[in-house]
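# no sequence for this one, just the structure:
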Ligand code: BGC
């Protein structure tokens, strides 16, 4: 766990923060000293309020902000709200994402569009607003060496093909080049853009893959490190990626996956 000096004086926005990895990131960023805006959908108001309450109880600063990240005007008003409340933004954790799984031949256009809109278009819209705000505000060297930092929440499936999840894998594959392209475009402005690629993390999105003993055993066969990841594993890595400790890191994907991308099926095969 990082201490309060790591991100003190900085403002962070975490999308999709009412549960899972987003929630852990919001908590960890607040513990590391950032003021945190907790993005959520209207249906997740209770969870977001309880998260904001627990951050405040622990001595941190947080506000809830509602927006569907795939809707341009909602994203713009969310950024205006964050800047209105905290003055500016230094850190965006582009986390909101969904799965809508189907065999390829059964996948509807609606399932395809929904996943691409939230996982990819949503990250585009939020990153664009964040970069605009970083440029508007200008350097604050006493706060951070970088003008701003963006972490795109990706997945091992930006690399590993995933049958039955064509929409999700395509969204994460697309994200890899979106992230690198923004990183290339704004590196000279000292804006750092990186991705975090989690493996199997124990969250609601993949409950079926870990909640029964049988499923967990099958899942563990894909994880050389021998345990399922926890949201905190990702949150600690995100704190490092948005802090000055990683000031020379941009355009990179940090895999936090217990070795899933080491293709353990090849240990005794191939
Ligand atoms: C998915 C999870 C899956 C994990 C490893 C993640 O990106 O959201 O459902 O368990 O990748 O396959």
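Noted; the coordinates are in hand. These numbers were taken from a predicted model, which means no experiment stands behind them.
# now for the biggest strand by length in the chain, which elements pack on it?
In the chain, assigned by DSSP state E, the strand with the most residues is strand 191-198. Packed against strand 191-198, as judged by 3 or more C-beta pairs under 8 Å, 6 or more residues apart in numbering; DSSP states H and E, are the following elements: helix 122-137, strand 148-153, helix 166-186, helix 231-241, strand 253-256. Where C-beta positions appear, they are placed from N, C-alpha and C, glycine not excepted.
# Okay, buried residues for it please.
191-198 (16 or more other C-beta atoms under 10 Å).
# can you list the residues that contact the helix or strand that comes right after that strand?
The element immediately downstream of strand 191-198 (helix or strand, assigned by DSSP states H and E) is helix 207-210. Outside helix 207-210, the residues that touch it by C-beta atoms under 8 Å, 6 or more residues apart in numbering are 200, 202, 215-216, 219, 228.
# Would you point out the most distant pair within the residues you listed?
Spanning the widest gap among the contacts of helix 207-210 are 202 and 215, at 11.8 Å by C-beta to C-beta.
# And these two? Which one has more around it.
residue 202 (19 against 14; other C-beta atoms under 10 Å).
# Test my guess that residue 48 contacts residue 40.
Yes: the criterion here is C-beta atoms under 8 Å, and residue 48 meets it with residue 40 at 3.9 Å.
# Need the overlap of contacts for these two.
17-18, 64.
# Among those residues, which lie within strands?
Using DSSP E, the shared contacts of residue 48 and residue 40 in strands are residue 64.
# By neighbours, which of the shared contacts of residue 48 and residue 40 wins?
residue 17 (32 neighbours).
# of all the buried residues of strand 191-198, which two lie farthest apart?
Spanning the widest gap among these are 191 and 198, at 23.1 Å by C-beta to C-beta.
# Name the helix or strand for the closest residue to the ligand within the stretch 1-150 of the chain, please.
Distances between the stretch 1-150 of the chain and the ligand by C-beta to the nearest ligand atom are smallest at residue 99, namely 5.6 Å. Using DSSP H and E, residue 99 falls within no helix or strand.
# My read is that it contacts residue 168, right?
Yes: counting by C-beta under 8 Å, residue 168 is a contact partner of residue 99 at 5.2 Å.
# In terms of neighbours, single out the busier of those two.
Set side by side, residue 99 and residue 168 give different neighbour counts by other C-beta under 10 Å, the larger being at residue 168 (22 against 16).
# who touches residue 104 in this structure?
For residue 104, the contacting residues are 163-164, 166, by C-beta under 8 Å, 6+ apart.
# want to throw those into CSV with pLDDT and neighbour count?
Shown next, in CSV, are the contacts of residue 104 (pLDDT from 0 to 100; neighbours: other C-beta atoms under 10 Å):
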residue, pLDDT, neighbour count
163, 98, 8
164, 98, 12
166, 98, 18
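# Let's have those in CSV, adding distance to residue 239.
As requested, the contacts of residue 104 are exported to CSV (distance: C-beta to C-beta, whole Å):
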residue, distance to residue 239
163, 34
164, 33
166, 33
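# and which of the residues you listed is nearest residue 103?
Using C-beta to C-beta, the contacts of residue 104 come closest to residue 103 at residue 164, 5.7 Å.
# Tell me the spacing between that closest one and residue 102.
7 Å (C-beta to C-beta, to the nearest Å).
# So the nearest residue to residue 160 once chain neighbours are set aside: helix, strand or coil?
Among residues not flanking residue 160 along the chain, residue 261 sits closest, at 6.6 Å (C-beta to C-beta, 6 or more residues apart in numbering). State at residue 261, reduced to three classes by DSSP: H, G, I helix; E, B strand; the rest coil: helix.
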